[in-house]
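fold the following.
(one chain, ligands or ions: 1)
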Amino acid sequence: MDFLRIDETKCKQDGICAAECPRRIITQKDDKSFPEISEADEAKCMACGHCVAVCPHGALSMKGLDIKDCPEIEKDLVLSWGQAEQFLRSRRSIRWFKDKAMDRKTLERLIKTACYAPTASNAQNLQWTVIQGRDRLERLSRATIHWMERVIAAHPDAPAAGYFRPVVDGWATGNDGILRTAQTLIVPSAPRENANGLVDVSIALAYLELAALPLGVGTCWAGLLRGAMLATPELVESMGLPEGHTWFYPMMIGYPKFKYYRLPERNTPVIHYK
Ligand SMILES: Cc1cc2nc3c(=O)[nH]c(=O)nc-3n(C[C@H](O)[C@H](O)[C@H](O)COP(=O)(O)O)c2cc1C
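Coordinates of the predicted model:
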């Protein structure tokens, strides 16, 4: 009974929570009884909080999701379409970061916000490894350059070699085209058995880079480092990622050196209606 707590003075027995429950485990015998979850069904609950979120009367709490910890949606903070569209279009991949260490409180705020991203079956089992310091990041970039040199030597005519050559040449002249000028790298990871880890991690990173915007923080997906990580187990080992976890994508994070004033257009989407 403690699993689903109904405030009987507020509940209107309207059946909305039962209808909303994605696992269909909230039941209501009739429109005069209160909603409940049988003890046998408790283990099926994925604690998504939809029942708490959807109740218009604030009548419901769940084990681990007390209504006190679930703030009401503030009407004044709801974005207009114009605000949402400009916000989403204004995110940029950052290639120049300020020479300033990432503030830990800000980083934790962003990671916490990224945890509001959806995860398959509401697994919420990502962990975050934060690698800090320009020296460390430069070592990772150097290892990536060595991997690129090996690829160029082994497959000089492959398209990858054509893409890598200017990056390797740039490194020789002091330009880090791998981790740019970032001082911090974040690497979310998921338990190996999480079949949807890649998707969970990707959505969390996408949330994080959007959440970063209003805090004056910028990000960039570190695709070249990822290539080197896939090919070089000892590089991954040197990063000290959690045991039993699979990493999917590293991301640079820091304070952008430059501001952006315009919104570049994208290709027109190709849509197939069937
Ligand atoms: C999966 C992925 C990997 C990427 N890898 C890199 C990278 O290694 N280096 C880099 O400078 N940018 C990288 N980018 C950034 C893209 O180049 C960038 O998103 C694209 O040029 C559009 O620019 P915008 O993000 O500023 O809109 C990556 C982006 C994604 C989504």
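
give me the residues contacting stretch 118-138.
Stretch 118-138 is contacted by residues 46-48, 101-102, 107, 111, 115, 140, 176, 179, 181-191, 194-196, 199-201, 203-204, 239-242, 245, 247, 252 when judged by C-beta atoms under 8 Å, 6 or more residues apart in numbering. Bear in mind the C-beta positions are built from the backbone N, C-alpha and C, glycine included.

buried subset of the residues you listed?
Neighbour counting by 16 or more other C-beta atoms under 10 Å classes 46, 48, 102, 107, 111, 140, 176, 179, 181-190, 194, 200-201, 203-204, 239, 241, 245, 247, 252 among the contacts of stretch 118-138 as buried.

what's the nearest residue to the residue of the chain positioned farthest from its centre if we skip its chain neighbours?
Residue farthest from the centre of the chain, counting by C-alpha atoms, centre = their mean, is Lys32 at 42.4 Å. In space, and not counting its chain neighbours, Lys32 is closest to Gln13: 6.5 Å by C-beta to C-beta, 6 or more residues apart in numbering.

what's the burial count for that neighbour?
16 (other C-beta atoms under 10 Å).

around the ligand, pick out the residues from this structure.
92-93, 95, 220-224 (C-beta under 6 Å from any ligand atom).

in JSON lines, list those along with neighbour count, distance to Pro264 and pLDDT.
JSON lines is the format used below for the residues of the chain next to the ligand (neighbours: other C-beta atoms under 10 Å; distance: C-beta to C-beta, whole Å; pLDDT from 0 to 100):
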{"residue": "Arg92", "neighbour count": "17", "distance to Pro264": "9", "pLDDT": "98"}
{"residue": "Ser93", "neighbour count": "12", "distance to Pro264": "11", "pLDDT": "98"}
{"residue": "Arg95", "neighbour count": "16", "distance to Pro264": "14", "pLDDT": "98"}
{"residue": "Cys220", "neighbour count": "21", "distance to Pro264": "16", "pLDDT": "98"}
{"residue": "Trp221", "neighbour count": "16", "distance to Pro264": "17", "pLDDT": "98"}
{"residue": "Ala222", "neighbour count": "26", "distance to Pro264": "21", "pLDDT": "98"}
{"residue": "Gly223", "neighbour count": "10", "distance to Pro264": "19", "pLDDT": "98"}
{"residue": "Leu224", "neighbour count": "20", "distance to Pro264": "22", "pLDDT": "98"}
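
narrow the residues you listed to those in strands?
Counting by DSSP state E, the residues of the chain next to the ligand place 220-221 in strands.

name the nearest of the residues of the chain next to the ligand relative to the ligand.
Closest approach between the residues of the chain next to the ligand and the ligand, by C-beta to the nearest ligand atom: Gly223, at 2.6 Å.

what's the separation between that closest one and Lys63?
41 Å (C-beta to C-beta, to the nearest Å).

next structured bit after the longest helix that the chain contains?
Looking across the chain with DSSP state H, the single longest helix is helix 134-154. Using DSSP states H and E, the helix or strand that follows helix 134-154 towards the C-terminus is helix 159-172.

quick check: mean pLDDT of that following helix?
On average, the pLDDT along helix 159-172 is 98.

can you check stretch 62-76 too?
On average, stretch 62-76 scores 96.

give me the distance between the two termini of it.
End-to-end distance of stretch 62-76 (C-alpha to C-alpha, to the nearest Å): 27 Å.

mind listing residues that contact it?
Contacts of stretch 62-76 (C-beta under 8 Å, 6+ apart): 2-5, 42, 45, 47, 49, 51-53, 58, 60-61.

can you select the buried ones among those residues for me in PyMOL?
Of these, the buried ones can be selected in PyMOL as follows, counting by 16+ other C-beta under 10 Å:
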select buried, resi 3+4+45+49+51+52+60+61
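
want to throw the contacts of stretch 62-76 into CSV with secondary structure and distance to Gln127?
Formatted as CSV, these follow (DSSP: H, G, I helix; E, B strand; the rest coil; distance: C-beta to C-beta, whole Å):
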residue, secondary structure, distance to Gln127
Asp2, coil, 29
Phe3, coil, 27
Leu4, strand, 29
Arg5, strand, 30
Glu42, helix, 26
Cys45, coil, 23
Ala47, coil, 18
Gly49, coil, 21
Cys51, helix, 28
Val52, helix, 26
Ala53, helix, 26
Gly58, coil, 33
Leu60, strand, 30
Ser61, strand, 28
